[in-house]
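> Build me a structure from this.
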Amino acid sequence: MNHFGTNRLTAERLNEDHLADLVALHLDPEVSRYLGGVRSPEITKTYLGVNMAHWDQHGFGLWVLRTKDGAFAGRAGIRHILVDGVDEIEIAYTFKRSLWGQGLASEIAIALTEIGLSELKLPSLIGLVFVEHGASRRVLEKANHILEKSTTHHGEDVVIYRIKQ
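Sure, this is the predicted structure:
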């Protein structure tokens, strides 16, 4: 599924043409606060390569999000992640700061959950969120994910929300 859309967003499979938009997104300290910190252009380029390889290996991954007028909005996707030694599949979403507070994260989280469970037939999905990131926790709850546990990930206190088939 290289493309999909929601009421207010279009999504296209991540590719090398998206590097400049991702660099700008990852250089914003407020956006990156809950992503492990600001990422240099070099780290973002590596991130892009890893996530394009994820598509090749698994047939799903990250999409770049655009508003209906074609402006870059952020990134979101479904991807494998190692948590507490277990290969999990998470939904992930990050938006430009100018688009925060408009319900776009909830819109995309609901769409990703539907794609993951109904189209990809994945047995479960998780959302991995910094404990103090209340807005993202509410997004997962709106997408019917249930708080499962607290843990640490890359040295940060996080919570895991899960939804099953």
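> And the longest helix along the chain, what's buried?
Taking DSSP state H as the criterion, the chain has its longest helix at helix 41-58. For helix 41-58, burial by neighbour count (16 or more other CB atoms under 10 Å) applies to T44, Y47, L48, N51, M52, H54, W55. Every C-beta, even on glycine, is put in place using the N, C-alpha and C of the backbone.
> Against which helices or strands is it packed?
Applying 3 or more CB pairs under 8 Å, 6 or more residues apart in numbering; DSSP states H and E, one finds that helix 41-58 contacts helix 19-27, strand 62-67, strand 72-83.
> change it to 10 Å
strand 9-13, helix 19-27, strand 62-67, strand 72-83 (3 or more CB pairs under 10 Å, 6 or more residues apart in numbering; DSSP states H and E).
> Which of those sits closest to A105?
A105 sits nearest to strand 72-83 of all those, at 8.3 Å, using CB to CB.
> Just the angle for the very next helix or strand once past the closest one relative to strand 9-13, thanks.
For strand 72-83, the succeeding helix or strand toward the C-terminus, using DSSP states H and E, is strand 86-95. Counting by axes from the mean of the first three to the mean of the last three CA atoms, to 10 degrees, strand 86-95 lies at 130 degrees to strand 9-13.
> next SSE after strand 86-95?
helix 104-114.
> and the angle from that next one to strand 62-67?
Here the directions of helix 104-114 and strand 62-67 differ by 140 degrees (the same axes, to 10 degrees).
> got the buried residues for helix 104-114?
L104, A105, S106, E107, I108, A109, I110, A111, L112, T113.
> Over to stretch 135-142?
Quick answer for stretch 135-142 (16+ other CB under 10 Å): S136, R137, V139, L140.
> Now tabulate those residues in JSON lines and tack on distance to I126 and pLDDT.
Formatted as JSON lines, those follow (distance: CB to CB, whole Å; pLDDT from 0 to 100):
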{"residue": "S136", "distance to I126": "13", "pLDDT": "93"}
{"residue": "R137", "distance to I126": "13", "pLDDT": "95"}
{"residue": "V139", "distance to I126": "13", "pLDDT": "96"}
{"residue": "L140", "distance to I126": "9", "pLDDT": "97"}
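> Nearest to S150 among those?
R137 (11.7 Å).
> part of a helix, is the closest one?
Yes - under DSSP: H, G, I helix; E, B strand; the rest coil, R137 sits within a helix.
> what sits against it?
G127, V129, F130, V131, H145, L147, V159, Y161 (CB atoms under 10 Å, 6 or more residues apart in numbering).
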